[in-house]
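**Student:** Quick one, what's the 3D model for this:
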Amino acid sequence: MHQLTGLDSAFLYLETENAPMHIGGVSIVEAETPSGPFDLGMVRDLLASRIHTSRTFTQRLVEVPLKLGKPYWTRDENFDIDRHLSRTQLPEPGGWKELSALMAWEFSQPMDRDKPLWEILFVEGLETVEGVPPGSMALISKIHHAAIDGVSGAEIMSALYDPSPEPRTVDPVPATPSEDAEPPSRSELLKESGRHLLQVPRALSGAVGETVKGVVKSGAVWGFKRIKPPPFPFTAPRSRLNAPVSRDRSWSAAILSLERIKAIRKTAGATVNDVVLTVCAGALRRYLLAKDDLPEKPLVAMVPVSVRTEDERGTMGNQVSAMLVSLATDVDDPRQRLRLVRESATGSKVHHQAVGARTLADYGEFIPFGLAGAAARLYTRMHLAEKHRPIFNLVITNVPGPQVPLYVAGARLLAHVGAAPIFDGMGLILPIFSYAGSLAVGATSSRDVMPDVDVFTGFLSDALDELEAAIQPAS
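**Tutor:** Below is the predicted model:
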């Protein structure tokens, strides 16, 4: 048994009927394996043999009585893998439109908190998806954000995927019994929560002290090195992206060439992430111009930053902080937009290094869990997202993936595209995942906010073309 962190708990109390808080994606897989047609039974057998490699698979939530503390993860004594796996057939003609609609529906549905918070849906009938062999399969995966972040999610993928068609050998589950084989009692939960509460004042004092030191340090750096500070929270412009969200999701994606992005990075002297942010900014500018709704001030993206150490690899939960980056969507010239995005990202990195990303993440420990859940529900009911400036306009999260082909039970993974949660006031998130020379940009929104999210994802290719043309050296 171990308690969720403040950040992990945040994804529970932010969850409302209109905002389920799970992440995941769709993996498109070839139909054949060396041993025959790919099917759900193969996935089940593979997972069953590796279920012990991550606690996320077998641990469920237990809440403290009266919500006096953050919940705990404990082993599910009734774990049944078949409760987490299901199968469906894509409607005809089995194309991208049908797959996108299924993804949107799946990510509109909340998860059952009485069992470990993950699900995999086996999808047959991909017959007319462009660039995908007819008869291919898809695996739609969902895991609650309270259990994992983007980096640990990529690690969990390793339980399912192998670097060769021949599945690797995984050490069997240890013979020693689990330390939390029995569910905790109410008194144990209250006692453990009380112990954590006694540590809060000292921890809060330390976090505030470190923050003050960091702010002073970052201010000096901005002054002496003339580095522009990052955008501050609540300074982002109002936009159509920052309205209350409905329960119905919209989802689509674009797959771009990682090689082209790296070539732009090299020519411009930027980072891959700078280029990716600029491409997203270009698509956003095109989309909002088409709606005649482009804010005069630049949109601001929240960019998660992993603070997971080597010692924390394989652990559950979220180990992330965040940067705010101006996307220069008010600038027409893509070359200048890249320069401004790079400058803003550099300023945010300096701020993080000075304040300490871990210090910023630690503030989540001091949020009262019970009150925060009630506050989130009140925020939704009163449509308060319409009453203030956005904290930021959208989230762009870029997780590097393996650049070699992967296989699940011998079937080759053709592509993996992510999906992630949105909530009132933040109606667009772009999870980005690179794999085997490609970069997949998923876009999760609400039908009320972006009913035509496929139009936006179509603009991503246009924005890459535009930036590439602007950056190419004159011949």
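**Student:** Now do the domain split for the protein, please.
**Tutor:** By the record's domain assignment, the chain is partitioned as 2-191, 200-399+420-471 (automatic domain parsing).
**Student:** closest one to residue 409 among these?
**Tutor:** domain 2-191 (3.8 Å; Cβ to Cβ). C-beta coordinates here come from the backbone N, C-alpha and C atoms, glycine included.
**Student:** Now do the closest one: distance to the chain's middle.
**Tutor:** 14 Å (Cα atoms, centre = their mean, to the nearest Å).
**Student:** Out of the domains of the chain, flag the one nearest residue 408.
**Tutor:** Nearest to residue 408, of all the domains of the chain, is domain 2-191, at 5.4 Å by Cβ to Cβ.
**Student:** sorry, back to before: by mean pLDDT, show me the worst of the domains of the chain.
**Tutor:** The weakest mean pLDDT among these belongs to domain 200-399+420-471, with a mean of 82.
**Student:** excluding its backbone neighbours, what's nearest residue 286?
**Tutor:** Excluding the flanking residues, the one nearest residue 286 by Cβ to Cβ, 6 or more residues apart in numbering is residue 459, at 4.3 Å.
**Student:** How many residues are close by that neighbour?
**Tutor:** Residue 459 is flanked by 22 other residues according to other Cβ atoms under 10 Å.
**Student:** that older thread, next, format the domains of the chain as JSON lines and append distance to residue 409.
**Tutor:** Output for the domains of the chain, formatted as JSON lines (distance: least, Cβ to Cβ, whole Å):
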{"stretch": "domain 2-191", "distance to residue 409": "4"}
{"stretch": "domain 200-399+420-471", "distance to residue 409": "18"}
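**Student:** And the ones you listed: which comes nearest residue 406?
**Tutor:** Of all those, domain 2-191 comes closest under Cβ to Cβ, at 4.1 Å.
**Student:** for residue 123, which residues make a bridge with it?
**Tutor:** Using DSSP bridges, the bridge partners assigned to residue 123 are residue 88, residue 138.
**Student:** was I right about it contacting residue 99?
**Tutor:** Yes - between residue 123 and residue 99 there is a contact under Cβ atoms under 8 Å: 7.4 Å.
**Student:** All the helices of this structure, in order from the start?
**Tutor:** 6-13, 40-50, 96-106, 150-157, 186-225, 258-268, 272-290, 334-355, 357-362, 369-381, 453-471 (DSSP state H).
**Student:** rewinding a little: okay, and the common contacts of residue 123 and residue 99?
**Tutor:** Shared contacts of residue 123 and residue 99 (Cβ atoms under 8 Å, 6 or more residues apart in numbering): 26, 90, 138.
**Student:** which residue packs closest to the second one, ignoring adjacent ones?
**Tutor:** The reference is to residue 90. That would be residue 125: by Cβ to Cβ, 6+ apart, it lies 3.9 Å from residue 90.
**Student:** how about that neighbour, what does it touch?
**Tutor:** Residues counted as contacts of residue 125 (Cβ under 8 Å, 6+ apart) are 89-92, 94.
**Student:** let's see it at 7 Å
**Tutor:** By Cβ atoms under 7 Å, 6 or more residues apart in numbering, residue 125 lies in contact with 89-90, 94.
**Student:** out of those, which are buried?
**Tutor:** 90, 94 (16 or more other Cβ atoms under 10 Å).
**Student:** can I get the contacts of residue 125 in a markdown table with distance to residue 291?
**Tutor:** Below are those laid out as a markdown table (distance: Cβ to Cβ, whole Å):
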| residue | distance to residue 291 |
| --- | --- |
| 89 | 36 |
| 90 | 31 |
| 94 | 31 |
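**Student:** Spit out the contact partners of the closest residue to residue 136 other than its chain neighbours.
**Tutor:** Excluding its sequence neighbours, the residue lying closest to residue 136 (Cβ to Cβ, 6+ apart) is residue 126, at 4.4 Å. Shown in contact with residue 126 (Cβ under 7 Å, 6+ apart): 28, 90, 94, 99, 132, 136-138.
**Student:** Go again with 10 Å.
**Tutor:** Applying Cβ atoms under 10 Å, 6 or more residues apart in numbering to residue 126 gives the contacts 28-29, 31, 90, 94-96, 98-99, 132-138, 414.
**Student:** same deal with residue 50?
**Tutor:** Residue 50 sits next to 57, 158-160, 167-168, 170-173 when contact means Cβ under 10 Å, 6+ apart.
**Student:** rerun at 6 Å
**Tutor:** Taking Cβ atoms under 6 Å, 6 or more residues apart in numbering as the contact definition, residue 50 lies against 159, 170.
**Student:** got it, and residue 100?
**Tutor:** 251-252.
**Student:** Quick check: which of the domains of the chain is nearest to residue 407?
**Tutor:** Comparing the domains of the chain by Cβ to Cβ, domain 2-191 comes nearest, at 5.0 Å.
**Student:** all strands of the stretch 1-150 of the chain, in order?
**Tutor:** 2-3, 22-29, 32-33, 36-37, 59-62, 72-75, 85-89, 118-126, 136-144 (DSSP state E, counting those that start in this stretch).
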